[in-house]
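Peer 1: Please work out how this folds:
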Amino acid sequence: MTSAVDPTTPLYLGLMSGTSADGIDAALVQFPAEGGCRFVQGLTHDWDPAIRAELIALGEGGTITSLDALGRLDAQVGITFAAAANRLLGSARIDRTQVQAIGSHGQTVRHRPLADPAFTMQIGDANRIAELTGITTVADFRRRDVAAGGHGAPLMPAFHLAMLGDSDEDRAVLNLGGIGNLTLIPREGTPRGFDTGPANALMDAWCQRHRGEPFDADGAFAASGQVDAALLARWLADPWFALPPPKSTGREQFHLAWAQAQLGEGQVSGADVQATLLELTAATVADALLAHLPGAKRVLVCGGGVRNPQLLRRLRARLPGVVIESSAGHGLDPDYLEAMGFAWLAQRTLAGLPGNLPSVSGARGPRILGAIHPG
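Peer 2: Alright, predicted model coming up:
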């Protein structure tokens, strides 16, 4: 889905590492004056295994040993993000002077929107990114929304609305990353968005534990098992699922220990647990869509889950009459959509324009997001 660079339009670079921490997605994009997003090139940059293990442990609620350890990890993550950006520039044969700005999400290590006071924390020192790439870097997008009373998440609905809205039908955009989230775009009325619950993070963790594989390729492990209805019901009884939007969550809420706590004393095979985890994702997405946009005609899917045909089959079974398809058919690469979105947010910040949707996050109003680190 790559395209040639238009020399008359500025380039932006987006960097994103999500809940699964399975790699840093880097995307080079342009935003033509007539609208839309031109995807130029992308890649996924692997984490050093030791750094990834530390990030996952922190994300699941683990504690940092010292301020020195946190400072070191923040610097290491920033250096790795910069390496991803530089690798993409080299691969695309783009001179850094051609890039207007980098939008960096960083790596979330704690997200507590319901704490008092609420907070969210993404690490990945943007000063390092600006220094090592020579490109102005916009980062720390979530905390201004939280300061304004919002959840700081999800942030992609504003981008989804700008790129994928349609006046002819009610539709939704579904991101199936480590956590699932929906953007609801009605033909008329206010767009909304919220997290639906666990998606790839739990399925990946269970697959790694029982198969020694980082993810369930094509959903084959899940397809080999049977859904355990009682286990599914126990998971769905978690009070978080009953919370009304705005709502957001992360690995600190839905992690492997959370899933294992509900297994009970009976024997449930590894394949059956995987099948039930997959059904949990499908059920929570479908329930949320039917509750909040029952007239939706189309769901555009992005994120790693778009490559899990078993998960898409279960979604279609739970949402009969709804077209469920990849965002690729609408011009946005599903593998890099979030990285593209953070490039778009960087553009918004530099232009002095808000990047949040208060109807999504619950913030008191529109806010310009992020801090600018000159190149």
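Peer 1: can you list contacts of stretch 53-72?
Peer 2: In this structure, residues lying in contact with stretch 53-72 by Cβ atoms under 8 Å, 6 or more residues apart in numbering are 19, 21, 47, 73, 77, 107-110, 123, 250-252, 255-257. Every residue, glycine included, has its C-beta placed from N, CA and C.
Peer 1: Of the residues you listed, which belong to strands?
Peer 2: Under the assignment DSSP state E, the contacts of stretch 53-72 contribute 107-110, 123 to strands.
Peer 1: Those: which two are farthest apart?
Peer 2: Spatial extent of the ones in strands among the contacts of stretch 53-72 (Cβ to Cβ) is set by the pair Gln107 and Arg110 at 10.6 Å.
Peer 1: okay, the two: which has more neighbours?
Peer 2: Using other Cβ atoms under 10 Å as the criterion, Gln107 and Arg110 rank with Gln107 on top: 27 against 18.
Peer 1: ok, that one - contacts?
Peer 2: 17, 21, 55, 77, 122-124.
Peer 1: Alpha carbons only: can I get whichever strand or helix holds Asp195 in PDB?
Peer 2: Per DSSP states H and E: Asp195 is located in strand 192-198. What follows is strand 192-198, C-alpha atoms only, in PDB (Å, rounded to 0.1, in the frame of the first residue of the first chain):
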ATOM      1  CA  ARG A 192     -17.700   8.400  20.400                       C
ATOM      2  CA  GLY A 193     -15.000   5.900  21.200                       C
ATOM      3  CA  PHE A 194     -13.800   3.700  24.000                       C
ATOM      4  CA  ASP A 195     -11.900   0.600  24.900                       C
ATOM      5  CA  THR A 196     -13.800  -2.600  24.800                       C
ATOM      6  CA  GLY A 197     -11.400  -4.900  26.700                       C
ATOM      7  CA  PRO A 198      -8.600  -7.300  26.000                       C
END
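Peer 1: That strand pairs with which strands, parallel or anti?
Peer 2: strand 179-185 (antiparallel) (DSSP bridges).
Peer 1: pLDDT of the partner strand, averaged?
Peer 2: Strand 179-185 shows a mean pLDDT of 97.
Peer 1: distance between it and the chain's centre?
Peer 2: 10 Å (Cα atoms, centre = their mean, to the nearest Å).
Peer 1: cool, stretch 309-329 as well?
Peer 2: Using Cα atoms, centre = their mean, the offset of stretch 309-329 from its chain centre is 19 Å.
Peer 1: just stretch 220-235 next, same as before
Peer 2: For stretch 220-235, the distance to the chain centre is 24 Å (Cα atoms, centre = their mean).
Peer 1: Likewise for stretch 274-281?
Peer 2: That offset, for stretch 274-281, works out to 19 Å (Cα atoms, centre = their mean).
Peer 1: Contact partners for Cys169?
Peer 2: To be clear, residue 169 is Glu; Cys isn't right here. 187, 297-298.
Peer 1: can we see that at 10 Å?
Peer 2: Residues near Glu169 by Cβ atoms under 10 Å, 6 or more residues apart in numbering: 185-187, 295-298, 323.
Peer 1: from the contacts of stretch 53-72, which is closest to Gly331?
Peer 2: Taking these together and measuring to Gly331 by Cβ to Cβ, the closest member is Thr19, at 25.5 Å.
Peer 1: Just want the phi and psi numbers for the closest one.
Peer 2: Reported as degrees, to the nearest 10, the phi and psi values for Thr19 are phi -60, psi -40.
Peer 1: now do Cys302
Peer 2: Torsion angles, degrees, to the nearest 10, at Cys302: phi -140, psi 180.
Peer 1: quick one: which of the ones in strands among the contacts of stretch 53-72 is nearest to Gly303?
Peer 2: Distances from Gly303 to the ones in strands among the contacts of stretch 53-72, taken by Cβ to Cβ, are shortest for Thr108, at 15.2 Å.
Peer 1: Pretty sure Ala21 is one of the things Arg52 touches, is it not?
Peer 2: Yes - under the criterion of Cβ atoms under 10 Å, Arg52 makes contact with Ala21 at 5.4 Å.
Peer 1: These two: which is more packed in?
Peer 2: Neighbour totals were compared for Arg52 and Ala21, and Ala21 leads with 23 against 18 (other Cβ under 10 Å).
Peer 1: where's the more buried one relative to Ala201, distance?
Peer 2: According to Cβ to Cβ, to the nearest Å, Ala21 and Ala201 sit 9 Å apart.
Peer 1: hey, what's in contact with both of these two?
Peer 2: 56, 59, 178, 251.
Peer 1: Which single one of the residues you listed is nearest to Ala291?
Peer 2: Closest to Ala291, out of all of the shared contacts of Ala21 and Ala201 and judged by Cβ to Cβ, is Gly178, at 22.6 Å.
Peer 1: I'd assumed Asp140 was in contact with Ala346.
Peer 2: No - assessed by Cβ under 10 Å, Ala346 is found out of contact with Asp140, at 11.5 Å.
Peer 1: Return the per-residue confidence for Gly321.
Peer 2: Taking Gly321 on its own, its pLDDT is 95.
Peer 1: Show me where the stretch 1-150 of the chain has its strands.
Peer 2: 11-16, 24-30, 38-45, 99-104, 107-112, 119-123, 137-139 (DSSP state E, counting those that start in this stretch).
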